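Visitor: here is my input; please provide its structure:
(one chain, ligands or ions: 1)
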Amino acid sequence: MKVAVFDTHKYDRTALEVANEKYGHDLHFIESRLTERTAKLAEGFPALCSFVNDRLNEDVLRQLHQGGVRVVALRSAGFNHVHLESAERLGIAITRVPEYSPYAVAEHAVALILTLNRKIHRSFNRVREFNFALDGLVGFDLFGKTVGVVGTGRIGAVFARIMRGFGCRVLAYDQKPDRTLADTSGVEYVPMNVLLSQSDIVSLHVPLTPETRHILDAKAFACMKHSVMIINTSRGALIETKSLIEALKSGVIGSAGLDVYEEEEGVFFEDHSELGLQDDVLARLLTFPNVLVTSHQAFLTREALSNIADTTLQSLEDFERGRPLVNAVRRSIQVD
Ligand code: NAD
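Guide: Down below sits the predicted model:
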């Protein structure tokens with residue numbers, strides 16, 4: 001099938017080309033993100049493949065439909081950026097990759113914790129300037145600390161198990177508690193307010209939905225332990241960024257590891273080193289020595305890229321052959 005692959009970088013292209021040896025789709029790689037302005041590039045393509053910061057709002061979907069697009073395969077698990085009602089009304093099928101490597105994301109969350117706690121980012125820079133002093137680099141033992149996991153689906157459960165391996169007490173909050181996780185890993189399910197008030201580290205692993213938007217806001221920060229560490233590898237808008245900045249300034253938040261950011265669209269995945277930043281909130285966040293921002297890279301492992309490519313191309317083949325779409329996104333699975 002002829003597929004317009006938007007927002008492609010070298011790593012996507014390589015993984016998709018390797019996986020496509022099995023499927024033989026006619027892949028056309030487009031570097032631009034999908035927006036109202038670039039949607040016309042998909043004219044004449046029955047299939048489109050997109051990533052997390054592509055825009056799939058009502059206007060874009062209408063344009064895609066007019067241009068002949070009948071299926072959109074998301075190379076992501078999250079689908080909060082898709083206007084599902086419009087897609088359903090227009091008869092555009094949407095597929096996603098519900099699971100490609102929960103380990104990739106969970107392990108990145110752990111990388112953020114270890115880097116922030118042991119201040120590896122700071123010591124790396126110091127040593128390069130031959131500054132071998134240790135002042136300001138004191139961390140804490142993870143052993144015996146309390147880690148709060150918000151959302152114990154695929155990624156949160158892997159993350160919880162890893163933190164249990166460090167000898168942490170793990171508190172969890174999920175609307176659908178995973179009893180097996182609790183029974184086999186000693187994870188304790190508690191209400192959200194208990195998790196917030198007792199955790200030394202809070203890591204977010206819920207999807208972005210109307211209920212979870214700004215799940216960490218000024219009110220939530222006010223009930224947290226002084227100098228708690230916040231980790232977000234899920235979606236930026238789970239955190240109200242301006243309140244996070246205030247809490248960092250007051251010291252309520254001791255450190256923050258963010259792989260995602262509320263306004264990351266158009267910034268993350270791109271090189272802005274020549275232009276500087278237009279986003280003053282992100283610029284302020286980057287001034288804190290105890291904030292580590294990565295550019296939505298938690299998924300970026302060889303295994304994850306290969307699984308994403310394979311599942312995406314399989315969904316397109318299923319669509320082409322009229323088979324059931326096992327990874328179809330429907331409004332009824334907004335939260336799963
Ligand atoms: P999942 O669907 O397996 O798990 C989500 C969990 O959140 C479920 O257990 C669900 O019950 C729980 N949940 C949903 N709404 C809730 C609410 N209102 N209150 C409490 N619990 C709620 O998802 P997953 O595969 O673990 O992925 C989690 C999120 O990680 C994705 O939605 C995506 O946004 C993000 N993600 C980020 C990256 C990255 O590269 N940074 C990569 C993949 C996924």
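Visitor: ok now stretch 145-162, how far from the chain's centre?
Guide: Relative to the chain's own centre, stretch 145-162 is displaced by 15 Å; criterion: C-alpha atoms, centre = their mean, to the nearest Å.
Visitor: mean confidence for that stretch?
Guide: Stretch 145-162 carries an average pLDDT of 98.
Visitor: please point out which parts of that stretch sit buried.
Guide: Residues of stretch 145-162 classed as buried: 145-162 (neighbour count, 16 or more other C-beta atoms under 10 Å). C-beta here means a position set from N, CA and C on the backbone, and glycine is covered the same way.
Visitor: so which of the residues you listed are also by the ligand?
Guide: Near the ligand, judged by C-beta under 6 Å from any ligand atom, the entries from these are 151-156.
Visitor: let me have the residues you listed in a markdown table, extended by secondary structure and distance to residue 289.
Guide: Shown next, in a markdown table, are these (DSSP: H, G, I helix; E, B strand; the rest coil; distance: C-beta to C-beta, whole Å):
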| residue | secondary structure | distance to residue 289 |
| --- | --- | --- |
| 151 | coil | 28 |
| 152 | coil | 31 |
| 153 | coil | 32 |
| 154 | helix | 33 |
| 155 | helix | 28 |
| 156 | helix | 28 |
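Visitor: and of the residues you listed, the nearest to the ligand?
Guide: Closest approach between those and the ligand, by C-beta to the nearest ligand atom: residue 153, at 1.7 Å.
Visitor: which non-adjacent residue is nearest the closest one?
Guide: Nearest non-adjacent residue to residue 153, counting by C-beta to C-beta, 6 or more residues apart in numbering: residue 205, 6.6 Å away.
Visitor: you'd agree the one you found is up against residue 148?
Guide: No. Applying C-beta atoms under 8 Å as the test, residue 205 and residue 148 come out as separate, 10.6 Å apart.
Visitor: would you map the strands across the stretch 151-300 of the chain?
Guide: Along the stretch 151-300 of the chain, the stretches classed as strands by DSSP state E, counting those that start in this stretch are 169-173, 188-189, 201-204, 228-232, 253-258, 291-293.
Visitor: what number of residues lie near the residue nearest to residue 118 when sequence neighbours are not counted?
Guide: Ranked by C-beta to C-beta, 6+ apart and with sequence neighbours excluded, the top spatial neighbour of residue 118 is residue 139, at 4.4 Å. Per other C-beta atoms under 10 Å, the neighbour tally for residue 139 reads 12.
Visitor: what's the single longest helix in the protein?
Guide: Secondary structure of the chain read by DSSP state H shows that its longest helix is helix 302-320.
Visitor: just checking, what packs against it?
Guide: Packing partners of helix 302-320 (3 or more C-beta pairs under 8 Å, 6 or more residues apart in numbering; DSSP states H and E): helix 10-23, strand 47-50, strand 71-74, strand 93-95, helix 102-118.
Visitor: and the angle for the last one with strand 228-232?
Guide: Taking axes from the mean of the first three to the mean of the last three C-alpha atoms, to 10 degrees, helix 102-118 and strand 228-232 form an angle of 150 degrees between their directions.
Visitor: so where is this structure shaky, pLDDT-wise?
Guide: 332-336 (pLDDT under 70).
Visitor: interface residues of it facing the ligand?
Guide: 77-78, 102, 105, 151-156, 174-176, 205-209, 211-212, 233-235, 259-260, 296, 298-299, 335-336.
Visitor: for ChimeraX, what selects the buried ones among those?
Guide: ChimeraX command restricting those to the buried ones, with burial defined by 16+ other C-beta under 10 Å:
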select :77,78,102,105,151,152,153,154,155,156,174,205,206,207,208,212,233,234,235,259,260,296,298,299
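Visitor: which of the residues of the chain next to the ligand fall within helices?
Guide: Counting by DSSP H, the residues of the chain next to the ligand contribute 102, 105, 154-156 to helices.
Visitor: would a markdown table of those with distance to residue 226 be doable?
Guide: Shown next, in a markdown table, are those (distance: C-beta to C-beta, whole Å):
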| residue | distance to residue 226 |
| --- | --- |
| 102 | 31 |
| 105 | 28 |
| 154 | 32 |
| 155 | 28 |
| 156 | 25 |
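Visitor: pick the one among these closest to residue 188.
Guide: The closest of those to residue 188 turns out to be residue 156 (C-beta to C-beta; 13.8 Å).
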